[in-house]
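K.L.:
my questions concern the predicted model and sequence given below.
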Amino acid sequence: MLTSGEVDLCSRLRILPKAYMVIKDTILREAAAIEAAGGVLRRRKARQMIKIDVNKTGKIYDYFLGAGWIKGPSR
């Protein structure tokens, strides 16, 4: 159920695939709701939603941005 990139991410971050799937679902649902309202999910919001190490949450957030699954803030 995971791509090879996601398997690698789970391995590097030492997150079990089942826990990762819950995190992924949570972040993608929230991002979709925020984007529907015309906004973007910010890293800080993702950290607040996911109660794990902030560095791990940041790496997951960056992976989702890179994959194009969520939109990031314009710089």
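P.N.:
That came through fine.

K.L.:
would you map the helices across this protein?
P.N.:
Counting by DSSP state H, the chain has helices at residues 4-13, 17-36, 43-49, 54-67.

K.L.:
between the ones you listed, which one is closest to Pro73.
P.N.:
Pro73 sits nearest to helix 43-49 of all the helices of the chain, at 8.5 Å, using C-beta to C-beta. From N, CA and C alone the C-beta is placed, and that goes for glycine too.

K.L.:
what residues does that closest one touch?
P.N.:
The contact list for helix 43-49, computed with C-beta atoms under 8 Å, 6 or more residues apart in numbering, reads 26-27, 30, 34, 54, 57-58, 60-61.

K.L.:
dump the helices of the chain into TSV; add mean pLDDT as well.
P.N.:
As requested, the helices of the chain are exported to TSV (pLDDT from 0 to 100):
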stretch	mean pLDDT
helix 4-13	96
helix 17-36	96
helix 43-49	93
helix 54-67	95
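
K.L.:
can you list the ones you listed in a markdown table and add mean neighbour count and distance to Pro73?
P.N.:
Conversion of the helices of the chain to a markdown table gives the following (neighbours: other C-beta atoms under 10 Å; distance: least, C-beta to C-beta, whole Å):
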| stretch | mean neighbour count | distance to Pro73 |
| --- | --- | --- |
| helix 4-13 | 14 | 22 |
| helix 17-36 | 14 | 11 |
| helix 43-49 | 15 | 8 |
| helix 54-67 | 16 | 10 |
